[in-house]
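*Asks:* Pasting the sequence and the predicted coordinates here, then a few questions.
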Amino acid sequence: MSTIPDFQTLDDLVAFWEEHDFADYWDELEEVEPEEAAPGYSHEVPVMLPLDALLDAVEQLPLEDARRLYERLGERLGVA
């Protein structure tokens, strides 16, 4: 059985997984939290939501996260 190589670049990693199946290496993989997998990495993805859906989602957030979201929305809208 092959083992997952150590990759020198992100391109090497991508090329490897484009040609291989995770199922063939399942025993070598370990579960990690996203913060552990890519510390300091974040990526914003624009999402279009109806206002009601956005408000429903915000109501599910912890209070501190909801407060930060409202602050950022205010900054973007120029009302903060």
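*Replies:* Yep, that arrived. Numbers count the residues shown, from 1 in each chain.
*Asks:* From now on I want contacts and neighbour counts done on CA atoms only, so please keep to that.
*Replies:* Noted.
*Asks:* From the chain's centroid, how far away is stretch 5-23?
*Replies:* 19 Å (Cα atoms, centre = their mean, to the nearest Å).
*Asks:* Kindly report the same for stretch 72-80.
*Replies:* Using Cα atoms, centre = their mean, the offset of stretch 72-80 from its chain centre is 24 Å.
*Asks:* the bottom helix or strand of the chain by mean pLDDT?
*Replies:* Lowest on mean pLDDT, DSSP states H and E among the helices and strands of the chain sits helix 34-37, with a mean of 64.
*Asks:* Next, the buried residues of stretch 47-65.
*Replies:* In terms of neighbour count (16 or more other Cα atoms under 10 Å), stretch 47-65 has its buried residues at Val58.
*Asks:* let me fix that: stretch 71-80
*Replies:* Buried, per 16+ other Cα under 10 Å, within stretch 71-80: nothing.
*Asks:* Just the CA atoms of it, as PDB, please.
*Replies:* Output in PDB follows, covering the C-alpha atoms of stretch 71-80 (Å, rounded to 0.1, in the frame of the first residue of the first chain):
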ATOM      1  CA  GLU A  71     -20.700  45.900  13.500                       C
ATOM      2  CA  ARG A  72     -19.200  44.800  10.200                       C
ATOM      3  CA  LEU A  73     -22.500  45.200   8.400                       C
ATOM      4  CA  GLY A  74     -22.700  48.800   9.700                       C
ATOM      5  CA  GLU A  75     -19.200  49.600   8.600                       C
ATOM      6  CA  ARG A  76     -19.900  48.200   5.100                       C
ATOM      7  CA  LEU A  77     -23.200  50.200   4.900                       C
ATOM      8  CA  GLY A  78     -21.500  53.400   6.300                       C
ATOM      9  CA  VAL A  79     -23.800  53.600   9.300                       C
ATOM     10  CA  ALA A  80     -21.400  52.500  12.100                       C
END
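*Asks:* Appreciated, that's everything.
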